[in-house]
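A.B. asks: I need the structure of the sequence given here:
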Amino acid sequence: MPNDFEGMVGALSEAKALAIAAYGESVAAYRYRTLAEKATTDQHRAVFVAMAEEEQGHHAALKDIMATRFPQSDFVLSPEDKDLVIVGSRMLDMSTEDAFRKALELIYDSERQTGRFYAALNDVTSLGHLKPLLKEMADECFEHAARLKSIPPMPWSG
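C.D. replies: Predicted coordinates for the structure are as follows:
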């Protein structure tokens, strides 16, 4: 029996689910670019830039699929829609060391939430050709979450 989250994802039209996914990828790319800007070491900056580029690539792929499969679709996403893939506000405070750490936690939570979204969507989609992409993106979300947890502390310069 599906849980509430899976039920919510399953109730979405495929076009809207892809729109939500594209939104999540754009927010993730933005957040990682912001982390890269705030990074105080080249190592941290490189990790965040690479993650931003992956997310931007996912966003572009999803937008291409939407333009091809659902050219007439246009959605205004509700806060509830956005909560399916994002934890916290789109723009996170990273102005202090403590705020930066809290932002990393919210991004970690968002990666796990988005991974759950892709896994649930993969289970219910009738668009069989999307299954490999959805599985890959779910796996990458969980890998990003693990990578965020393994990043060594960053020296803070404010």
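A.B. asks: burial measure for the closest residue to K135 other than its chain neighbours, as a count.
C.D. replies: Distances taken as Cβ to Cβ, 6 or more residues apart in numbering put N122 closest to K135, at 5.5 Å, once the chain neighbours are dropped. C-beta coordinates here come from the backbone N, C-alpha and C atoms, glycine included. Around N122 sit 19 other residues, with neighbours defined as other Cβ atoms under 10 Å.
A.B. asks: ok, now how distant is N122 from V87?
C.D. replies: N122 is 20 Å from V87, where distance means Cβ to Cβ, to the nearest Å.
A.B. asks: related to what we said a few turns ago, remind me which helix or strand the residue nearest to K135 belongs to.
C.D. replies: Assigned by DSSP states H and E, N122 belongs to helix 97-124.
A.B. asks: Just the buried residues of that helix, please?
C.D. replies: 100, 103-104, 106-108, 110-122 (16 or more other Cβ atoms under 10 Å).
A.B. asks: Please apply the same query to stretch 72-90.
C.D. replies: Of the residues in stretch 72-90, those buried by neighbour count under the rule 16+ other Cβ under 10 Å are 75, 77, 81, 84-86, 88.
A.B. asks: Distance from the chain centre to the one helix or strand A52 maps to, please.
C.D. replies: A52 is part of helix 42-69 when elements are defined by DSSP H and E. Using Cα atoms, centre = their mean, to the nearest Å, the mean C-alpha position of helix 42-69 is found 9 Å from that of the whole chain.
A.B. asks: Tell me the helix or strand right after it.
C.D. replies: helix 79-83.
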